[in-house]
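S.K.: could you work out the structure for the sequence below:
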Amino acid sequence: MRPTNSGAVPILGVTGRLLFASGLLLLSSPAIAGPDCLDYATKPPDPILGSVDVSSFQTLADLAVAGGHAYITAVTIVTEPNGELFVTDVSDPTNPHVVGSHYENLFMGSVASDGRYAYLLAFDEYTSFLQVVAVTQPTAPVLVAQKPSEGRDLALVEDLLYLADNSLLEIIDVSNPTTPVTIGTLTAPMGVFNVAVAGNYAYLTGFVWPPPSPGALFVVDVSDPTAPALVGTLVHDNDSNFGAAAVRGNLAVVGTSDYPGPSEILVIDISDPAAPALAARVPASVVNVAFDNAGTLYAFGGHELYIYDVSNPTQPNLIGSTDSLGAQWGVPAVVDPYVYLMTSPDGYASRLDIVPVQCPVATSVPQIAPAVAVTLHAARPNPFRGRTSIHYELTRPEVVRLRVYDLQGRIVRRLEDGVRKDAGAHRVVWDGLNEVGRQVGSGVYFVGIDFAGTAAGPDERGHQAGLRLTLLE
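M.R.: A predicted model of the protein is given here:
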């Protein structure tokens, strides 16, 4: 099938990597291994590719990775509040280095970024703020907006920020980053510390109000961001603390801490958002968890990193681990093919470590996909300068990966990467930048879309379609 820049392109129905040559869309079998991955089943003694001491006197609070940079917040625990946002170049994982920073007389906490702006929560003993910092010049980040907002954690999805704090979920429109505007709020009997967003739902973790009370996962419908609605709750059977949820497909995974009792990983079936159900529980001394693009689960605790296969949610399988890391702090970031960790070699978190993701497991010959479930429509405008909107439509909910490729089949930009989308029409914008935030040259590129339904592991069944784009000078 020849790609086209007009009309609709149905799926090809074959699993494999998208390649392009002589204007034709081709398919190859998935790559099994590469230099940017490790087999943690061998318990590698030194998995760290690169490290950088971000600060010699501050404690790291949170990090986000986008556009070839890591954005790291740090605080100094002194009488007067002060915090700093560090911009770290991670385009070469063997040589991460701090290139810029932004200082405030405020404590700094959670941070998210799209590579153009960093959004962070800052506070003192009286007031909390959402700060927007322009990072298009990484060496000279600039504060461009500050908005009073309550928040302990935040998540960024396209032009919307989701802030969670105790009994409140606040949704903020940042389509104009210099003027963030609250467009929706939800107040419910819950104590919330963390938020994750996938598709049309926000997944909040905390506890049922009032305390002391069990840990809980709250599912909030945010399909209409002006009217978020609590639709489902899973309450744990003990007074454990829930870490942030990692969400992929029909699964949400959380790590729990129940000092001095046991800690564990909870695998939760969210296929019915109104009735999240516990699928499995795994004893483990971890609080923070994250998925990579292949659906592999990473669990972090102490000096150890554990890797799990959760393709069978009722029977998670430990693939491997390593205990060769500094004590971990906060929620790590997994941006394929690397894992970014804040570690504390000297008793407080001060260092960024980068390790490879787990290598995919070899699988059997790909199966033919089921019936057509995705249509990739024309991009508008096309040809284009600056940016173009790519439109696609799903006939059922799916976990979507939408990527831009060059003529040699190399990934130029991941636009959707393992994001659960509901049935219906969707739009994503490409701004002509590559994975590290640099402008690509003019010429012909292709968009590939695939998805995996509920089977989001390395042996998934995929669906793919192609669309030709022309970028003008």
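
S.K.: helices along the stretch 101-250 of the chain, start to end?
M.R.: Counting by DSSP state H, counting those that start in this stretch, one finds no helices in the stretch 101-250 of the chain.

S.K.: so where's it shaky on pLDDT?
M.R.: 189-190, 209-212, 238-239 (pLDDT under 70).

S.K.: what do you get if the cut-off is 80, keeping everything else the same?
M.R.: Flagging of the stretch 101-250 of the chain using pLDDT under 80 yields the residue ranges 125, 150, 166, 188-191, 207-214, 237-241.

S.K.: what segments of it are strands?
M.R.: 107-113, 117-123, 128-134, 142-148, 153-157, 160-173, 181-198, 201-208, 215-221, 229-235, 241-242, 246-248 (DSSP state E, counting those that start in this stretch).

S.K.: between the longest one and strand 142-148, how many degrees?
M.R.: I take that to be strand 181-198. Put simply, strand 181-198 runs at 100 degrees to strand 142-148, going by axes from the mean of the first three to the mean of the last three CA atoms, to 10 degrees.

S.K.: do the fifth one as well
M.R.: Here the directions of strand 153-157 and strand 142-148 differ by 120 degrees (the same axes, to 10 degrees).

S.K.: for strand 153-157, name the packing helices and strands.
M.R.: Contact analysis of strand 153-157 by 3 or more CB pairs under 8 Å, 6 or more residues apart in numbering; DSSP states H and E lists strand 107-113, strand 117-123, strand 160-173, strand 181-198 as its packing neighbours. All C-beta atoms are positioned from the backbone trio N, CA, C, and that covers glycine.

S.K.: pull the residues that contact stretch 216-225.
M.R.: Residues outside stretch 216-225 that contact it (CB atoms under 8 Å, 6 or more residues apart in numbering): 160, 162, 169, 171, 173, 183-184, 186, 188, 190, 192, 197, 200-208, 228-236, 242, 245, 252, 254, 268, 270, 273-274, 276, 422.

S.K.: any of those buried? List them.
M.R.: Among these, those classed as buried by neighbour count (16 or more other CB atoms under 10 Å) are 160, 162, 169, 171, 173, 184, 186, 188, 190, 192, 197, 200-208, 228, 230, 232-234, 236, 242, 245, 252, 254, 268, 270, 273, 276.

S.K.: let me see the contact set for residue 317.
M.R.: 308, 309, 310.

S.K.: most neighbours out of those residues, which is it?
M.R.: Greatest neighbour count in the contacts of residue 317, by other CB atoms under 10 Å, goes to residue 310: 26 neighbours.

S.K.: tell me how many other residues surround residue 272.
M.R.: By other CB under 10 Å, neighbour count at residue 272 equals 12.

S.K.: list the contacts for it?
M.R.: Here residue 272 is in contact with residue 232 (CB under 8 Å, 6+ apart).
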